[in-house]
Structures are given as C-alpha cells and as structure tokens.
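1. Got a sequence here, can you model it:
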Amino acid sequence: MNFIQPQDGCLVPSISLFLLCCMNLCIDQGNSRTKVALMTDEGKIIQHFIYKTFSSADVERLFALYDITNSIISSVIKVLSVHLEK
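-> Okay, here's the model as predicted:
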C-alpha cells in the first residue's frame, strides 16, 4: 500500500503518490460507512478507504493531500455540504 492510515483516520501518503496527477475522488456515503476511492483518469483505483465517520474536514484533507481534478459523491443519507476552491 502507498499509505499509512493511523487510527484517527488521518492519511499520510508515501512520496511516490505525489508523482501522480489528475486524481479522481469517488465518495459513497452509506448508512453506516463511507467508502472513498482515489482513481486515475484511466479508472485504476490507487487507494481506497472506509470511514466509520466522515466529515467535511476529511474531504478537505483529501483535497489538500492529492491533486484531485474530478470528484463525485453518491449517498443514501444527507450529503455533506462542502465548497472547496482550488
């Protein structure tokens, strides 16, 4: 794996992922878990995470760590209201 995921859910990327660009962020919010995937433009999943709790701070952290150019969210619950400018 290219990540260290401490218990608090904070993501620490390895240096090799900073060489990648044009990342796509996919978020699937379910009733009990939120699944997140980082993908290339070709659809290859680079990394995925499962969160017990997910907040706008988690979204902001992902955007700060990765060069995300596209994103999509799917949800069966109330969707986070997050506005990020890049």
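2. Is Ile50 part of a helix or strand, or is it coil?
-> Secondary structure, DSSP: H, G, I helix; E, B strand; the rest coil: Ile50 is strand.
3. ok, now how distant is it from Asn70?
-> To Asn70, Ile50 is 21 Å away according to CB to CB, to the nearest Å. In this view, the C-beta of every residue, glycine as well, is placed from N, C-alpha and C.
4. try Ile27
-> For Ile27, the distance to Asn70 (CB to CB) stands at 12 Å.
5. With Leu38 instead?
-> In terms of CB to CB, Leu38 sits 11 Å off from Asn70.
6. of those two, who's got more company?
-> Between Leu38 and Asn70, Leu38 has the larger neighbour count (other CB atoms under 10 Å), namely 24 against 11.
7. so what sits against both of Leu38 and Asn70?
-> Residues within reach of Leu38 and of Asn70 at once, by CB atoms under 8 Å, 6 or more residues apart in numbering, are Asn24, Leu25.
8. What about Asp41? Give its phi and psi, please.
-> Per-residue torsions, Asp41: phi -60, psi -20 (degrees, to the nearest 10).
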